[in-house]
Structure formats: C-alpha cells, structure tokens
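# just coords:
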C-alpha cells in the first residue's frame with residue numbers, strides 16, 4: 001500500500017465514508033440555513049429544509065449555488081460566522097467579472113493545511129523535502145495553500161511565487177528541490193529558459209511536480225516529465241470550495257484525481273438539464289463543502305467539465321476519483337456550430353513532433369463566418385535536426401499535417417500557422433490560450 005498522510009481516512013470503506021458524509025452534510029445544511037440568509041431564502045423557495053435530508057441522494061432536492069451568487073453578495077454576504085471570526089480572505093482574479101471573495105476561520109485554515117499536506121503526500125512528497133512553490137501568492141489560493149500545507153507536512157518551503165524566471169532557475173539549481181508546484185505552462189517556460197542557456201532541467205533532480213490552476217492534457221504531462229525528469233501530478237481546487245487540495249493524482253498510478261471525500265461531496269451533472277450523469281460520463285462538477293465554517297457552499301456549480309471514476313485506486317485509497325479537467329464550460333468555443341475545448345487542440349499540438357509547447361488559438365469573424373486559426377512555434381531542436389529551421393517547405397508541411405489532424409479530431413476546418421520562435425506570449429502564471437476577436441465584428 002502507498003504511503004499515506006491519513007490512512008485511516010483515505011482508505012475508509014464506502015459505507016463508513018458515506019455515513020461520515022451524511023453526518024457532516026446534515027450539519028452543513030443546518031449551518032447554512034440558520035446562519036446565511038441567502039441559503040434560508042433559497043431553501044425555502046425550493047420547499048426544502050435541512051431536516052428533509054435523510055440520505056445523500058436527498059441532496060439533489062436542494063438548490064445549486066453559482067459563482068454569480070457570490071458576486072451578487074460581494075464582498076462577504078454569504079458568511080456563516082461573525083466577521084470577528086474571519087482569519088483570512090482569499091479570492092478569484094476577477095478576470096471574467098467582479099472577483100469572488102472567500103473567508104476562512106482559523107479552523108478552516110487548519111483543515112485546509114491538513115488537506116493540502118495529505119495531497120502533497122499523495123503526489124510523492126515527504127517530510128524534509130525542499131518544496132519549490134511557483135504558484136502566485138496573495139489573494140490567489142495556490143501559493144499560500146501549498147505553502148501552509150507543505151509546512152504542516154514538515155517540508156522546507158521555498159516561497160518563490162510566479163515570475164522572475166532567471167531567479168527561479170538559480171534557486172532551483174542551488175537548493176535542488178525534490179518537489180515543485182506551479183502552473184504547467186509556466187513550468188515549461190522555465191524549462192525553455194534553462195535550455196536556452198545551455199542547461200539541462202533534469203540535472204536539478206526534481207522527483208515530482210504538482211501542476212494545476214489551468215486545464216492541461218496528457219500530452220502536456222509527457223512534455224513536463226521529459227523536460228524535468230519528474231513525475232507530473234495533476235491537482236484540482238478552487239477558491240469558492242477551499243483552494244488547492246480538493247483532488248489530486250497519486251504518484252503510484254496517476255490515473256485520476258483522488259477527491260478528499262471526507263471534506264467535499266462531489267456530483268457531476270448535465271449542465272443543460274441539471275440532472276446527474278452516470279459514472280464515467282463527462283459533465284459539470286458540483287461540490288458541497290462538508291467541513292467549512294466561514295463560508296460553506298451547497299451544490300456549487302464549478303463550470304469545470306470532468307467525469308468521476310468510482311472504482312478504488314490500485315494505490316489503496318478508496319475515495320472517488322475524477323478525470324483531469326477537460327475544460328471549463330465558459331472556455332468552450334462554439335465555432336460554426338461546433339463545440340471546441342482548447343484542451344482538444346492542445347492534445348494534438350503537444351503530441352506532434354516538431355512543435356514547441358506554446359500556442360495560441362485565434363477566433364475571428366470574416367464575412368459573417370467564424371474563422372479559427374492556431375498559431376504555433378517550431379521546436380528549435382527539431383528544426384535543427386530536420387534541416388533549415390527557416391525552410392518554408394518544412395514549416396508548411398508540418399502546419400498542413402497538424403491542420404489535417406485537428407480537422408479529424410474537431411470536425412472543423414481551420415488554419416495552422418507557424419510564427420517565429422519566442423513570439424507567442426510566455427506564461428508566468430495561468431496561460432492565456434484563446435484570443436476571441438469575434439466581438440469586434442458583432
């Protein structure tokens with residue numbers, strides 16, 4: 001059996017786990033109803049009360065919570081505690097609207113640190129490891145979430161945050177971390193920077209990386225593992241639920257993210273009908289917090305698309321797993337009536353020899369029709385081995401081949417165009433992959 005942080009909880013039999021969930025769910029529904037006017041109103045409108053919950057299946061009778069609900073009650077209208085009990089506030093970036101703020105009591109922070117410590121062990125971390133945190137610090141939950149979880153575990157934390165790539169490299173070379181945590185796109189930028197200086201990222205000796213905060217593909221995993229010589233684990237979390245640690249892959253199997261079901265109850269629904277989908281089918285993730293004090297959320301619609309894997313993992317953990325995030329509902333592009341997730345495009349690009357792991361998807365409207373163009377860069381090493389990197393014939397042949405593969409996958413005609421190396425934006429945090437210019441012509 002794998003090394004675990006809390007084996008007595010991580011290997012609970014399903015019946016005992018569901019009994020614990022039901023006990024905690026009753027308490028959180030009662031807390032929300034009695035202390036948060038928003039939930040009292042919503043429950044009353046739906047004709048349900050906490051006492052109506054007799055089984056986990058009864059949760060389906062309760063209303064959903066949406067991000068807009070948090071925005072409508074900005075800044076802290078969904079508090080379930082007195083403001084004097086709030087120990088910390090985190091929030092979203094607000095890049096797609098007014099930011100959402102989330103409050104934590106001291107008890108919430110203690111439980112969160114425990115959850116993240118468990119996650120780090122699941123991903124291969126151990127007490128005494130040097131742990132290099134690349135996630136941003138501040139209102140974003142990534143940096144501080146991993147920081148306090150790693151300290152709880154007994155690690156040596158290097159709180160670098162994002163950016164200052166040259167400094168990242170220097171610290172990695174000098175401190176030689178065994179583990180790193182950051183966005184996959186920026187970590188590839190660090191590897192690219194090292195190679196440009198004639199350095200081998202694998203020489204640092206990193207054993208495992210915990211990557212998240214943006215959707216990424218199996219092909220991206222291969223690029224990260226090849227670049228650094230590590231095992232790349234996917235992590236999932238969102239500030240509205242708690243932050244990082246909601247789910248994470250285990251280093252033993254890397255086959256789905258283990259959800260901390262003793263703290264979070266998960267559902268997957270069809271975003272159109274709002275009905276549950278069968279295990280293994282993709283839909284929108286919905287979470288209910290089971291142990292949060294300051295701002296519990298009931299049936300929170302995340303907007304993230306994934307599927308559940310109910311079978312126990314070969315690592316020995318019994319909590320349900322989820323697939324990696326396919327994308328966000330609001331990130332899905334509709335181009336000439338076809339639904340397109342950026343991750344579907346990334347999977348093809350990163351599986352193609354000769355392309356660098358940097359791309360941009362541009363959607364425009366010309367003559368009343370949508371036009372999709374994928375901008376790519378050639379891999380410098382491949383170009384050198386293949387001949388003249390500036391050769392128009394080699395470049396065009398590669399773009400034509402990629403466009404054909406994408407048409408087969410998406411069922412949509414598009415253009416693939418190579419741009420000069422280094423001309424596409426490099427991420428120092430979350431990557432911006434899509435430029436949608438259609439509103440210019442609306």
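In hand now; what should we look at? Source: prediction; values computed, not measured.

# Now that we're looking at residue 100, what pLDDT does it have?
Here, the pLDDT recorded for residue 100 equals 89.

# ok, it - how many residues close by?
22 (other C-beta atoms under 10 Å). Quick note: C-beta positions are derived from backbone N, CA and C, even for glycine.

# before we move on, what about residue 53?
18.

# just for the stretch 251-400 of the chain, where's the confidence low?
381-392 (pLDDT under 70).

# please redo it, this time with the cut-off set to 80
330-331, 337, 366-368, 380-393 (pLDDT under 80).

# Can you show me the helices along it?
342-350, 380-386, 392-410 (DSSP state H, counting those that start in this stretch).

# Show me the one of those that comes nearest residue 269.
helix 342-350 (20.1 Å; C-beta to C-beta).

# relative orientation of that closest one and helix 392-410 in degrees?
140 degrees (axes from the mean of the first three to the mean of the last three C-alpha atoms, to 10 degrees).

# Who are the packing partners of helix 342-350?
Using 3 or more C-beta pairs under 8 Å, 6 or more residues apart in numbering; DSSP states H and E, the elements in contact with helix 342-350 are helix 218-228, strand 355-366, strand 369-378, helix 392-410.

# picking that back up, pick the most deeply packed of the helices of the stretch 251-400 of the chain.
helix 342-350 (a mean of 21; mean count of other C-beta atoms under 10 Å).

# what about residue 373, distance to residue 98?
Noted for residue 373: a distance of 32 Å to residue 98, by C-beta to C-beta, to the nearest Å.

# Which one of the helices and strands packed on helix 342-350 lies nearest to residue 63?
Short answer: strand 355-366, nearest of the helices and strands packed on helix 342-350 by C-beta to C-beta, at 34.4 Å.

# Which positions in the closest one come out as buried?
Neighbour-count burial for strand 355-366, with 16 or more other C-beta atoms under 10 Å as criterion, is recorded at 355-363.

# Check stretch 216-227 too.
Buried-residue list, stretch 216-227, by 16+ other C-beta under 10 Å: 216-217, 219-221, 223-224, 227.

# Would you mind pulling the contact partners of that stretch?
184-185, 187-188, 191, 201-202, 209, 211, 230-232, 234, 254, 324, 343, 346-347, 349-351, 357 (C-beta atoms under 8 Å, 6 or more residues apart in numbering).

# Could I have the buried ones of those as ChimeraX selection syntax?
Command for ChimeraX that selects the buried part of these, burial taken from 16+ other C-beta under 10 Å:
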select :184,185,187,188,191,201,209,211,230,231,232,234,254,324,343,346,347,349,350,357
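
# I'd like the helices of the stretch 251-400 of the chain written out as a markdown table, with distance to residue 88 added.
Below are the helices of the stretch 251-400 of the chain laid out as a markdown table (distance: least, C-beta to C-beta, whole Å):
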| stretch | distance to residue 88 |
| --- | --- |
| helix 342-350 | 32 |
| helix 380-386 | 44 |
| helix 392-410 | 43 |
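
# who's in contact with residue 304?
With C-beta under 8 Å, 6+ apart, residue 304 has these contacts: 236, 238, 284-285, 325, 327-329.

# biggest separation within these, which pair?
It's 236 and 329 that sit farthest apart of these, by C-beta to C-beta, at 15.6 Å.

# Compare neighbour counts for the two and give me the winner.
residue 236 (24 against 14).

# mind giving me the domain split of this protein?
1-329, 332-441 (automatic domain parsing).

# which of those domains is buried the deepest?
By mean count of other C-beta under 10 Å, these have domain 1-329 as the most buried, with a mean of 19.

# chain center to it, what's the gap?
Relative to its parent chain, domain 1-329 has a centroid offset of 8 Å by C-alpha atoms, centre = their mean, to the nearest Å.

# cool, stretch 404-420 as well?
With C-alpha atoms, centre = their mean, you get 26 Å for stretch 404-420.

# of the buried residues of strand 355-366, closest to residue 410?
residue 361 (11.2 Å).

# so who does the residue lying closest to that closest one once chain neighbours are set aside touch?
Excluding its sequence neighbours, the residue lying closest to residue 361 (C-beta to C-beta, 6 or more residues apart in numbering) is residue 434, at 4.8 Å. With contact taken as C-beta under 8 Å, 6+ apart, residue 434 is in contact with 331, 333, 342, 360-363.

# State the distance from residue 434 to residue 67.
Applying C-beta to C-beta to residue 434 and residue 67 gives a distance of 19 Å.

# and what of residue 24?
Distance from residue 24 to residue 67, by C-beta to C-beta: 24 Å.

# The stretch 151-300 of the chain: strands as residue ranges?
156-159, 179-182, 208-211, 231-238, 243-249, 257-259, 264-269, 283-289, 300-306 (DSSP state E, counting those that start in this stretch).

# Other residues contacting the longest one?
The one in question is strand 231-238. 119, 122-124, 141, 145, 181, 184, 207-212, 216, 221, 224-225, 243-251, 254, 257, 302, 304, 322, 324-325.

# Go again with 6 Å.
Applying C-beta atoms under 6 Å, 6 or more residues apart in numbering, the contact partners of strand 231-238 are 123, 208-212, 221, 224-225, 243-249, 251, 257, 324.

# What of the second one?
Under the criterion C-beta under 6 Å, 6+ apart, residues 125, 129, 131-135, 146, 206, 208-210 lie in contact with strand 179-182.

# let's go with 8 Å and repeat that
By C-beta under 8 Å, 6+ apart, strand 179-182 touches 120, 123-125, 129-135, 142, 146, 155, 162, 172, 187, 206-211, 228, 230, 235.

# Select from those every entry located in helices.
Under the assignment DSSP state H, the contacts of strand 179-182 contribute 120, 142, 146, 172, 187, 228 to helices.

# Please name the residues that touch the residue lying closest to residue 403 once chain neighbours are set aside.
Once flanking residues are discounted, residue 403 sits nearest to residue 416: 4.2 Å by C-beta to C-beta, 6+ apart. Residue 416 is in contact with 373-374, 376, 399-400, 402-403, 406, counting by C-beta under 8 Å, 6+ apart.

# pLDDT below threshold where in the stretch 51-200 of the chain?
The low-confidence ranges in the stretch 51-200 of the chain, as defined by pLDDT under 80, are 93-99.

# ok, now with 70
If you take pLDDT under 70 as the line, the stretch 51-200 of the chain has these spans: 93-97.

# Contacts only, for the residue lying closest to residue 406 once chain neighbours are set aside.
With sequence-adjacent residues excluded and distances taken as C-beta to C-beta, 6+ apart, residue 406 is closest to residue 348, at 5.4 Å. Listed by C-beta under 8 Å, 6+ apart, the contact set of residue 348 reads 402, 405-406, 409.
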